[in-house]
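Enquirer: Quick one: sequence plus predicted model below, questions after.
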Amino acid sequence: MAGPLFDDSLPVLVATLADLVNGEFVEAGAALRDASGQLTFIAGREAADDSEREKLGAALIKALGSYARTDRPISFRGDSGSERLLAAPERLPVKVGDRFCQVIDRRIVGAGWLEEPTAVAADPPRVVFATLKGGVGRSTALAIAAADLARRNRNVLVVDLDLEAPGLGDLLLASDRTPEFGAIDYLVEDGLGGIADGDLYRFIGSSGLTQGGGGRVDVLPALGRRSNNQPENILPKLSRAMIEDVVGGNSIPVAAQISKMIARITAREQYDVVFIDSRAGLSELAAPAVLGLGATVLLFGTAQKQTIEGYRALFAALQLLAQRDTAAGRDADWRMMLKPVYAKASLDASVSERFVDEMYELYSAHLYDAETDGAEAIDLLRFARSDESAPHWPLIVPFSQNFVDFDPGRNADQLTQNFYEQTYREFLSGLDAAISASASASEASA
C-alpha cells in the first residue's frame, strides 16, 4: 500500500496547501471527498493565474497519490459549481493539526450520519433504545419499561426499527395480535402510493402482555403478517425501505420519513411516550433513530473495552456534527439527549467507577464543549464528572441471572412487577426522569 492511506489523505492535503500557500488559504476553502475517498480542494478565492492552478494541482496529485482527483485536484472560486460547494450546509469543520478544514463528505453508505440532528424534543416524548452490540439487554429493558408504564396507567407506543434483525414484535405480540403490516411496509408503501390515515390501524397491534394495568402497550413491529406469510419479499422490501423518497423533486431523508410515520400514528391515539428499538451498531440503519427523531437516546453497553472504543468512534463522528452546528450558529443541544446505560452491571464498585470515568472521558473529549475562560463559559455545554444529573452519568441495569432466558411471549409472568422490580427499579426511575425532562423541553419549545 504505497502512498497515503485514507487516514493520511486529509492531513496530507492540508499540509501540502499550507506549505505552498498558507493556512488561511486552507481554512477559507473546502475539501470535497467523493464516494471512493478521493479528494479535491475548492479554494475560497479566485486563482491568481493559470500557473498557480497547475502548480497546486500537480502538487496535490503527487502528494495524495491514489487519493487525488487527478481530473480536477483543485478548483477556485468562480469555477463551475464552486460557489455552491463553498456554501454547502453539510460542510463539516474537521480539525487537522492546529487548524480546521471544511470537508464535504459524499457517501453512498453512511450518509445518514451526516444529517443535521433534530434538537427539538418530540411530543409525546420519544425514547430510543440503542446499542453498538446485541446481547446487552436492550430489548429486555424496553419490554419491561413498557410493561411498567402500562401498569401505572400510561399508554405506550413501541416501534421496532431494528429492521435488519426484527424481533420486538415477537417479544410483545402473540401471533393473533400481530398487525397486517409493519414499519418496513410503511416505509415502502408511503414512498410510492402513500398510506391513508384510515389504514394506519393495519400497522398496529395491541400487546396482551400488560393485562391488569390501566395503560396500554401498542406495537408497530418491523414485520407484519403479510411479511411473515410471504417471507421471500422481506429482503426486497428492506432494500427499498431505507432509501430517500423523492417528492416534487425534493429528497426526503429516511429519518424524516420515520419521524412522520411515528407522528401520524401518535396523532390517532393518545400516547404518553414512544419507545423505539433501534438497530444495533454503526450502520446506516441506526442513524435515523439516533439523530433524527427528537428523542432521548439510551446508549446501552457493558463495561468492556469494546463498548468504550465503539462509542468513541460514534462520538468522534457526532463531534463533527456539533462543530458544524456551532459554526452555523446553532446550539447543538441534541447532545443533551444522549444518555449511556451501564447494562449487565457488575457488583464490583471499582468496575462501575471505571465505567463512569470512561464515559465522562468520552463525553468530555467529543460531546462537551472545551473549557474556556471568561464570560462565554456560562453558555458552554460542560459538566463535572461527579454531576449525576449530567448526560454522561449512566442509568444502571444490574446483571441478573433471572433475565438470561427472558421470553415474556411464552412466560407473561416475566413482565409482572414482582419479577423485575429489584433488578430494574433504579433504571426505571431514571427513565421516568428522562421522559419528564423531554416532556418539559417539548412544552417549552411549543
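Expert: Perfect, I can see it now. Numbers count the residues shown, from 1 in each chain.
Enquirer: Doesn't Leu32 belong to a strand?
Expert: Yes - under the criterion used here (DSSP: H, G, I helix; E, B strand; the rest coil), Leu32 sits inside a strand.
Enquirer: part of a helix, is Ala287?
Expert: Yes - looking at Ala287 with three-state DSSP, it is inside a helix.
Enquirer: How confident was the prediction at it?
Expert: Looking at Ala287, its pLDDT reads 87.
Enquirer: show me what contacts the closest residue to it other than its chain neighbours?
Expert: Using Cβ to Cβ, 6 or more residues apart in numbering and skipping the chain neighbours, the partner closest in space to Ala287 is Gly112 (3.2 Å). Just so you know, the C-beta spots here come from the backbone N, C-alpha and C atoms, and that holds for glycine as well. Residues in contact with Gly112, defined by Cβ atoms under 8 Å, 6 or more residues apart in numbering, are 253-255, 284, 287-288, 291-292.
Enquirer: Spatially central residue for the protein, please.
Expert: By Cα atoms, centre = their mean, the chain has its centre lying nearest to Val290, at 2.3 Å.
Enquirer: Wasn't that one part of a helix?
Expert: Yes - according to three-state DSSP, Val290 belongs to a helix.
Enquirer: pretty sure it is touching Thr131, no?
Expert: No - taking contacts as Cβ atoms under 8 Å, Val290 lies outside contact range of Thr131: 10.8 Å.
Enquirer: Name the residues that touch stretch 89-96?
Expert: Stretch 89-96 has contacts (Cβ under 8 Å, 6+ apart) with 10-11, 14, 30, 100-105, 114, 116, 320-321, 323-324, 327-328.
Enquirer: Stretch 24-35 too?
Expert: By Cβ under 8 Å, 6+ apart, the list of residues contacting stretch 24-35 from outside reads 10, 13-14, 17-18, 39-45, 69, 85-86, 88, 91, 99-108.
Enquirer: Please report how far Asp98 lies from Ser259.
Expert: 39 Å (Cβ to Cβ, to the nearest Å).
Enquirer: More neighbours: the two, which one.
Expert: Between Asp98 and Ser259, counted using other Cβ atoms under 10 Å, the more crowded position is Ser259 (20 against 6).
Enquirer: that's a strand at the more buried one, yeah?
Expert: No - if the criterion is three-state DSSP, then Ser259 is helix and not within a strand.
Enquirer: need the contact list for it.
Expert: So Ser259 contacts 118, 122, 292-294 (Cβ under 8 Å, 6+ apart).
Enquirer: Most neighbours among those, which one?
Expert: Busiest of the contacts of Ser259 [other Cβ under 10 Å] is Leu293, holding 28 neighbours.
Enquirer: is it true that that residue touches Val254?
Expert: No - with contacts counted by Cβ under 8 Å, Leu293 stays clear of Val254, the gap being 11.0 Å.
Enquirer: which residues do these two both contact?
Expert: The contact sets of Leu293 and Val254 do not overlap (Cβ under 8 Å, 6+ apart).
Enquirer: Selection in PyMOL covering whichever of the contacts of stretch 24-35 are buried, please.
Expert: The buried residues among the contacts of stretch 24-35 can be selected in PyMOL (16 or more other Cβ atoms under 10 Å) with this line:
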select buried, resi 10+13+14+17+18+39+40+41+42+43+44+69+85+86+91+100+101+102+103+104+105
